[in-house]
Structures are given as C-alpha cells and as structure tokens.
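Enquirer: My questions concern the predicted model and sequence given below.
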Amino acid sequence: MPLEEEFKERIAAAADARFIPVSARQEDVIPHIADAEGVLVSNMLKADAALFDAAPKLRVLSGVGVGYDNADVEEATSRGIAICNTPGVLSGAVADLTIASIIMLLRRLLAHVDYVRSGAWSRREPGPPLSHDVTGKVLGIVGYGRIGREVARRAQALGMETVFHDVFTEAPEGAPLSAYLPLDELLQRSDVVSIHVDLNPTTRHMFSAEQFKLMRPDAYLINTSRGPVVDQAALTEALKAGELAGAALDVFEVEPVPEDDEIYRLPNVIPFNHMATATEETRKAMRGLAVDNMLAVLRGEMPPAIVNPEVLALAR
Ligand code: 8YV
C-alpha cells in the first residue's frame, strides 16, 4: 500500500512518522509497532490481542478499507484503542464491479470473448447460446447499506427491479426505493442475488446449501462482500448441480484462493481477486480518509469514521 507523498507529508507534519513497506501479515507488521501510537494499515491485517500486545502505546489502528472483521473490536475497545475504517468512499467502486458482474453473467460476455479469442468465430463455428436482457430482471440485494444502495441506484437506471433484505424492513430515507423481502422470498424471486452484508457472527455462512436450493436454476449469485458469508463448498456443489446458473465472486473463504480449489475454474464462475475497490481514485480516497481518521484520533478529536467511538470518551 504505497502512500501518496501528500499524505506522507501530512502525517510527517503531525507526528514522528515511519513509512514501512510491509505486507499486511501480522508477523511482518509486529516488529515495527513497539512504540507506535497510531498505525495506518490495510484492513486485511489480523488485529487481535497478539497485535495489540506488540504495540502497548497504540491509540488508533486506522484501517484502509470499510470491513473490520479483521479486528477484535471488543479487545481493542477494552484497551482504549480506536478502530477506524473507510466507509462511503468506496461504495461506488464496489457497486460498479457488481453491475459489471450482472452484465457479464446475464449477457454471457466471457463466453463471447472466448468464442472470438479461440478462433471459433473465424472458423464459423456456432456461437454461444442467446443470453439474457438485464432490463426487467429482478435484483435481490442482501444488505441494504451504503454499497447495496449504490448498487440499487445503478441497477434501477438499467431498468432492473430491485428488492432487498436487511435487518430493517423499509428502505431508509434517501435510499433508492426497493421492496423489502424476507431472505427466502428474495432468493426465490431474484434473477440475480448480490451480497452486500458485512461479515459478523450472524452473517457467517448466511448462504449455504439451503439458500442455494431456494434460488432458481437460472439465477446468478454475486459476492463482493466477504468470502465467509458464503459456504464455499456448498456453493461449489450447488453450481455443479445446476441449482443456480452461475456466480461472480470477488471474495473467497481463503484469499488468495488456493490453487487446488476448483471453484474459480468452474465454467459458470467469474472469479476476481478481491479487487472491487482497486481503482486509483477510490484507493486514494480510502487512504486519505484513513489518514484523516488516524490524525484526528491522535489529536484527540472525533475522526470522520470510527468503529468504536466509545473509546474516545474512555480516553478522556
Ligand atoms: C480491501 C475491502 O480491503 O474495504 C474493504 O473492506 O474489502 C477492500 O477495500 C482492500 O484490500 C483494502 O485494503
């Protein structure tokens, strides 16, 4: 995660800063944080008691990313450590990949690219079967937060009907209007189901054999949230059995997805490498927000985004 010069300068002006190019693996990070009060790092770093033990002066762990399932927030809170994340600035990029996936799946775009690239078209061989229109299809959005709503906005512009499932049952004020459905009904009705929940104990394996059986055999699943929200072995079986037509997956239970895991080579799966936010603009906005968060906590101010604001009161 190379940090832009302008961000480095801002941090250096406010603190005694060190910029260390390490991976987000805990064993690579631990040797460098013994005297750190603030750490700015990818939200892929496992942030638990072992990490906090290695940084006894830590006041803020500022993650570049919206998900914070990497962090033991309870443990951090008990130690008065602020956990910050970067919501909002990446919603559009994730929604874009979701919409691209919907179009790729429904229009069989990969099959068409293969048809041309393999020379089959040049040889006048028969092309892929007809695909499906996007307009008029039902999109089931599971998790109607910031990202889910950006997806709805775009999908509605394409003429899709959007329905959602969440812990609340009415589209919040300002959100695109979508009908709430219980999960079972959403799965039965949707042509495409897209997952936008965060990973927590209630969403782990929220999608498993039972849910795939409810989906229609011509329906598609998209996951750009977190791999463990989906029982990947059950999804593999369901895809092979034709219980659903296909899937686009940006996230996996283990990342990088192990080479011997068959899921990413299934012909009806479009795999990505956890890259939904990987644009110049979005990554810069994420890093900028993470810098703002970290410096605000170090100054004793309320940061723009924080997971456990109660620690700030605790620290006072
Ligand atoms: C990645 C993400 O974490 O924001 C999130 O929660 O999953 C992604 O943006 C990315 O690798 C940022 O470090």
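Expert: Everything's here; your move.
Enquirer: pLDDT score assigned to the residue of the stretch 101-250 of the chain found nearest the ligand?
Expert: Closest approach between the stretch 101-250 of the chain and the ligand, counting by C-beta to the nearest ligand atom: residue 226, at 7.3 Å. Bear in mind the C-beta positions are built from the backbone N, C-alpha and C, glycine included. At residue 226 the predicted local distance difference test score is 98.
Enquirer: OK, contacts around it?
Expert: By C-beta atoms under 8 Å, 6 or more residues apart in numbering, the contact list for residue 226 reads 67, 69, 198, 199, 203, 251.
Enquirer: same thing but 10 Å
Expert: When contacts are counted by C-beta atoms under 10 Å, 6 or more residues apart in numbering, residue 226 is found next to 67, 69, 195, 197-200, 203-204, 250-253, 255, 274.
Enquirer: Show me the chain divided up by domain.
Expert: Residue ranges for the structural domains of the chain, counted by automatic domain parsing, are given in the record as 5-89+279-315, 91-271.
Enquirer: what distance separates the start and the end of the longest one?
Expert: So the one you mean is domain 91-271. 20 Å (C-alpha to C-alpha, to the nearest Å).
Enquirer: Stretch 43-56 vs the ligand: in contact?
Expert: Yes: residues of stretch 43-56 contacting the ligand under C-beta under 6 Å from any ligand atom: 43, 44.
Enquirer: I'd like the mean pLDDT over that stretch, please.
Expert: 97.
Enquirer: Give me the buried positions along it.
Expert: Neighbour counts over stretch 43-56 (16 or more other C-beta atoms under 10 Å) mark 43, 44, 45, 47, 51, 52, 54, 55 as buried.
Enquirer: What values do phi and psi take at the closest residue to the fourth one other than its chain neighbours?
Expert: When the adjacent residues along the chain are set aside, residue 47 lies closest to residue 71, with 4.1 Å between them (C-beta to C-beta, 6 or more residues apart in numbering). Note on residue 71: its backbone torsions stand at phi -110, psi 140 [degrees, to the nearest 10].
Enquirer: how much space is there between residue 71 and residue 103?
Expert: Counting by C-beta to C-beta, to the nearest Å, the gap between residue 71 and residue 103 amounts to 34 Å.
Enquirer: Where does the stretch 201-316 of the chain get nearest to the ligand, residue-wise?
Expert: Evaluated by C-beta to the nearest ligand atom, the stretch 201-316 of the chain has residue 277 as its residue closest to the ligand, separated by 3.6 Å.
Enquirer: which residues of the stretch 201-316 of the chain fall in helices?
Expert: Taking DSSP state H, counting those that start in this stretch as the criterion, the stretch 201-316 of the chain contains helices spanning 209-214, 232-240, 280-299, 310-315.
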